[in-house]
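Colleague: what follows is a predicted protein model with its sequence.
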Amino acid sequence: MTLSDRLAAVFEFDAHDTDLRTEVVAGITTFLTMSYIVVVNPAILVAAIDTGAGDAATLQMLAVVTALSAGAATLVMAFYANRPFGLAPGMGLNAFFAFTVVGAMGVPWQTALAAIVVEGVLFILLTLVGAREYVINLFPEPVKFAVGAALGLFLALIGLEKTFIVISDPSTLLTLGAVASDPVAIISVLGLFLTFGLYVRGVTGSIVVGILVTSVLGWGAAALGYTSPHDSVPLAPSLPAPTWDITPLVGAFLAGFRDLDALAFTLVVLTFFFVDFLETAGTLTGVGQIGGFLDENGDLPDMDKPLMADAVGTTVGGMLGTSTVTTYVESATGIEEGGRTGMTALVVALGFFAAVAFVPLAAAIPQYASHIALVVVAVLMLGNVSDVDWHDPTHAVPAGLTVIVMPFTYSIAYGIAAGVITYPVMKAFAGEWDDVHVGQWVLALLFAGYFVLRTGGYLTSV
């Protein structure tokens with residue numbers, strides 16, 4: 001039996017109507033789209049983590065543990081869950097770690113890592129007894145069907161901002177960037193149109209080709225003397241001297257259990273818990289919808305397995321020294337390329353492990369080049385909203401709020417919570433009490449409490 005045949009048997013290619021070439025292309029696509037996290041996550045966390053070795057060395061350490069934690073979690077996803085989903089330290093969760101927990105609350109970074117490990121262990125236990133999957137299956141049907149489109153808009157906003165096609169504005173919050181004068185925006189627009197064009201032509205690996213061509217354009221422009229007006233986003237990233245010593249980070253969470261403030265620690269654990277819970281649920285449902293994995297009730301079969309991969313990844317990540325690991329919406333890029341099995345995830349995991357050996361080269365692909373893929377996928381994901389029963393106002397309202405709130409609050413968690421809270425309330429107004437499970441009322445109350453906790457100033461006032 002050849003290696004190809006063995007992989008086909010392990011990942012059940014025939015049952016998922018796929019093949020090795022498609023899965024590899026999908027894995028490469030997802031990895032390239034996610035690879036920015038190896039650079040971005042350290043850039044965020046370095047503001048909070050002081051290893052005593054200096055920012056440059058700490059950045060390198062964080063890049064290594066980011067890649068290792070992403071690779072380990074995605075490996076579990078590949079072989080245990082057999083799903084084409086990639087995992088890595090989550091955006092938003094890393095910012096909460098750095099700027100709220102460590103920055104505003106003054107919690108030592110080691111203690112914040114301890115909270116992440118505790119959260120991960122809780123998730124493992126809840127997943128083992130099926131409680132986590134049970135709760136996710138309680139999510140209202142219109143919210144499940146709206147999540148894909150909501151994630152699409154969220155991705156579009158991230159992608160357009162990171163490519164400077166859309167920029168912040170003090171009057172209108174957002175406005176069109178300098179797409180006729182900013183080299184980064186110009187190259188991004190060209191790369192975006194090229195990628196869309198290749199997709200329309202039905203070119204296999206169109207997103208990968210678009211990312212690579214955009215990178216080449218950036219490096220070429222830099223060679224011709226053009227420069228980026230954005231200090232943090234060069235046209236052609238430089239390659240720093242490498243370091244792989246992560247000793248100051250590995251096991252640092254153990255020191256975080258000393259001299260704990262019980263209230264602050266509990267609030268931090270609960271916040272990490274809820275945000276990760278909501279983002280994972282939304283991401284799995286959204287990308288599951290893209291891949292056609294959901295059943296007739298909008299549920300992802302055997303969800304406990306990808307949830308376990310997420311839980312293990314979070315625990316391992318905290319032990320290594322990085323923020324919460326979660327399933328990535330960028331997995332949708334590989335799914336759009338045809339990825340249907342854990343083989344796609346295996347390629348993603350191998351990509352992250354390979355990145356450890358070439359940590360300085362992780363920045364070889366410019367940030368803007370990888371982010372054009374998010375805009376492409378966002379457009380494709382919008383079609384998922386057609387599954388919502390828009391003629392039923394008790395479905396239209398929670399689905400619509402999910403789609404609206406997620407991008408406008410820049411939070412997957414807030415978007416899902418808005419839909420979960422609204423659904424039973426709308427059913428009650430319509431007199432359709434019997435359509436609401438008691439567990440959905442409990443979820444609504446819990447998420448309402450979550451909104452109070454996160455927006456009422458309780459965390460920052462501890």
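Modeller: Received it, and whenever you're ready, just let me know what you need.

Colleague: which single helix of the protein contains the most residues?
Modeller: helix 262-290 (DSSP state H).

Colleague: mind listing what's buried in it?
Modeller: Residues of helix 262-290 classed as buried by neighbour count (16 or more other CB atoms under 10 Å): 264-265, 267-290. C-beta here means a position set from N, CA and C on the backbone, and glycine is covered the same way.

Colleague: centre of the chain to that helix, how far?
Modeller: 11 Å (CA atoms, centre = their mean, to the nearest Å).

Colleague: beyond it, next helix or strand please.
Modeller: Downstream of helix 262-290, the next assigned helix or strand under DSSP states H and E is helix 304-320.

Colleague: and the angle from that next one to helix 262-290?
Modeller: For helix 304-320 against helix 262-290, the angle by axes from the mean of the first three to the mean of the last three CA atoms, to 10 degrees is 140 degrees.

Colleague: next one: the next helix or strand along the chain from helix 304-320 to chain centre, how far?
Modeller: Moving toward the C-terminus from helix 304-320, the next helix or strand (DSSP H and E) is strand 325-327. Relative to the chain's own centre, strand 325-327 is displaced by 6 Å; criterion: CA atoms, centre = their mean.

Colleague: which other helices and strands does strand 325-327 contact?
Modeller: Judged by 3 or more CB pairs under 8 Å, 6 or more residues apart in numbering; DSSP states H and E, the packing partners of strand 325-327 are helix 55-76, strand 87-89, helix 262-290, helix 304-320.

Colleague: for residue 100, find the nearest of these.
Modeller: helix 262-290 (8.3 Å; CB to CB).

Colleague: circling back to that earlier point, pick out the shakiest of the helices and strands packed on strand 325-327, pLDDT-wise.
Modeller: Mean pLDDT is lowest for helix 262-290 among those, at a mean of 76.

Colleague: enumerate every residue touching the most centrally placed residue in the chain.
Modeller: By CA atoms, centre = their mean, the mean C-alpha position of the chain lies nearest to residue 328, the distance being 3.1 Å. If you count contacts by CB atoms under 8 Å, 6 or more residues apart in numbering, residue 328 has them with 30, 34, 37, 85, 86, 87, 88, 90, 283.

Colleague: what of residue 51?
Modeller: Going by CB under 8 Å, 6+ apart, residue 51 touches 57, 58, 61, 248, 249.

Colleague: now residue 231, what's its secondary structure?
Modeller: Each residue gets one of three states, and residue 231 gets coil by DSSP: H, G, I helix; E, B strand; the rest coil.

Colleague: what's the neighbour count on it?
Modeller: Look at residue 231: counted by other CB atoms under 10 Å, it has 6 neighbours.

Colleague: quick check: closest non-adjacent residue to residue 251.
Modeller: Using CB to CB, 6 or more residues apart in numbering and skipping the chain neighbours, the partner closest in space to residue 251 is residue 319 (6.8 Å).

Colleague: roughly how far apart are the one you found and residue 84?
Modeller: Shown here: residue 319 relative to residue 84, a distance of 26 Å by CB to CB, to the nearest Å.

Colleague: number of nearby residues for the nearest residue to residue 22 once chain neighbours are set aside?
Modeller: Spatial nearest neighbour of residue 22, chain neighbours left out: residue 338 (4.2 Å); criterion: CB to CB, 6+ apart. Residue 338 has 21 neighbours, counted by other CB under 10 Å.

Colleague: what helix or strand does residue 338 sit in?
Modeller: Going by DSSP H and E, residue 338 is not in any helix or strand.

Colleague: format the contacts of residue 328 as CSV; extra columns: distance to residue 206.
Modeller: Below are these laid out as CSV (distance: CB to CB, whole Å):
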residue, distance to residue 206
30, 14
34, 17
37, 22
85, 21
86, 19
87, 24
88, 23
90, 27
283, 23
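
Colleague: for ChimeraX, write the selection for the buried entries among those.
Modeller: In ChimeraX, a selection of the buried entries from the contacts of residue 328 looks like this (16+ other CB under 10 Å):
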select :30,34,37,85,86,87,88,90,283
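
Colleague: which one of the contacts of residue 328 is nearest residue 404?
Modeller: Checking the contacts of residue 328 one by one against residue 404 (CB to CB), the nearest turns out to be residue 283, at 18.4 Å.

Colleague: contacts only, for the closest residue to residue 325 other than its chain neighbours.
Modeller: Closest residue in space to residue 325, ignoring its immediate chain neighbours: residue 313 at 3.6 Å, by CB to CB, 6+ apart. Contacts for residue 313 were tallied using CB under 8 Å, 6+ apart; they are 69, 70, 72, 73, 74, 76, 87, 120, 325, 326.

Colleague: next one: residue 42
Modeller: Counted by CB under 8 Å, 6+ apart, residue 42 has contacts 58, 59, 60, 61, 62, 63, 66.

Colleague: apply 6 Å and report the result again.
Modeller: In this structure, residue 42 makes contact with 59, 62, 63, judged by CB atoms under 6 Å, 6 or more residues apart in numbering.

Colleague: poorly predicted segments of the stretch 151-300 of the chain, please.
Modeller: Where the stretch 151-300 of the chain drops to pLDDT under 70, the residues are 204, 240, 278.

Colleague: what segments of it are strands?
Modeller: 166-169, 173-176 (DSSP state E, counting those that start in this stretch).
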